[in-house]
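In: the sequence and its predicted three-dimensional model are supplied below.
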Amino acid sequence: MPDVGVERIIITDKPTGRGSWRFKAARLLHPNATRLYHQIFADLGMSLLPGDCETRVPMEDFRAGYDYGQSIDVWLRFPSGLCAGLQEKFLFTDFKTVTVEYEQNPETGEKGDWFKMGCPYLFVGYCKMEKRPGERVFDDHFWLYVLLDWPELQRETAKGNVDWILRYPQYDGARASFNFAYIDQLPSSCIIAKYEE
């Protein structure tokens, strides 16, 4: 394990297929997100170790043992030696929702992150996107973000206190279905940090 505060798992295989542009766009936001994680946890009085790194793996290795089973995109490490997983979601709309993949492939019933996410933190960041003929242009910062306590969100969901809505893909031929809930309607106990321009 690297001795840094933020370790990001990067799949080296080139994204292909419907919706693959999202993966490419998300990579542009990685440096900003990394800075935010250091800042947020320092503000909470639980600073991360200094530094960050990328662990680059092919999809085959990713499926074999990195974060595929528990939906972890980033490892956070603390001076105490503790470490925690985080899933991050970068969105390019203005819906102001938290989304969690429900089925990776509704046609086959392959389950998504909703059924397997085992990390304590979920980060959702919104970025502006401008479409131009033949290209998409992205800001490199978030106009809205929220860091959530995933186990607390699970508890509040089990109690019936979160209104999740199941949605099937509607844009860009994306395949996965997802549950979404409006950020402003989430119980405050689930929100660790939030920012909106």
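Out: Structure's in. What do you need? What you see is a predicted model; the values in this text were computed from it and never measured.

In: buried residues in stretch 40-48?
Out: Ile40, Phe41, Leu48 (16 or more other C-beta atoms under 10 Å). In short, each C-beta sits where N, CA and C put it, glycine included.

In: if I pick the last one, what's in contact with it?
Out: Pointing back at Leu48 there. When contacts are counted by C-beta atoms under 8 Å, 6 or more residues apart in numbering, Leu48 touches Gly5, Val6, Tyr37, His38, Phe41, Ala42, Leu76, Arg77, Phe78.

In: make a PyMOL selection of the buried ones in these.
Out: In PyMOL, this line selects whichever of the contacts of Leu48 come out buried by 16+ other C-beta under 10 Å:
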select buried, resi 5+6+37+38+41+76+77
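
In: which one of the contacts of Leu48 is nearest to Tyr182?
Out: Lowest distance from Tyr182 to the contacts of Leu48 (C-beta to C-beta) belongs to Tyr37, with 23.8 Å.

In: so which strand or helix has that closest one?
Out: Element membership of Tyr37 [criterion: DSSP states H and E] is helix 21-43.

In: which SSE is immediately downstream of that helix?
Out: With DSSP H and E, the next secondary element past helix 21-43 is strand 52-57.

In: before we move on, back to that, next, the angle strand 52-57 makes with the helix holding Tyr37.
Out: For helix 21-43 against strand 52-57, the angle by axes from the mean of the first three to the mean of the last three C-alpha atoms, to 10 degrees is 140 degrees.

In: quick one: contacts of helix 21-43?
Out: 5-6, 8, 10, 15, 47-48, 52, 54, 74, 76, 78, 86, 88, 90, 92, 123, 125, 127, 129, 136, 138, 140-142, 145, 147, 172, 174, 192-193.

In: need the buried ones from these selected in PyMOL.
Out: In PyMOL, a selection of the buried entries from the contacts of helix 21-43 looks like this (16+ other C-beta under 10 Å):
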select buried, resi 5+6+8+48+52+74+76+86+88+90+92+123+125+127+138+142+145+147+174+192+193
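
In: so of the contacts of helix 21-43, which ones are in strands?
Out: 6, 8, 10, 52, 54, 74, 76, 86, 88, 90, 123, 125, 129, 136, 138, 145, 147, 192-193 (DSSP state E).

In: low-confidence bits of this structure, can you list those?
Out: Across the chain, residues meeting the criterion (pLDDT under 70) sit at 13-21, 59-70, 131-138, 170-174.

In: contacting residues around the residue most central in space within the chain?
Out: Among the residues of the chain, the one closest to the centroid is Glu88, at 1.5 Å (C-alpha atoms, centre = their mean). Going by C-beta under 8 Å, 6+ apart, Glu88 touches Ala26, Ala33, Asp73, Val74, Leu122, Phe123, Val124, Gly125.

In: same question for Ser189.
Out: Counting by C-beta under 8 Å, 6+ apart, Ser189 has contacts Asp149, Glu152, Glu156.
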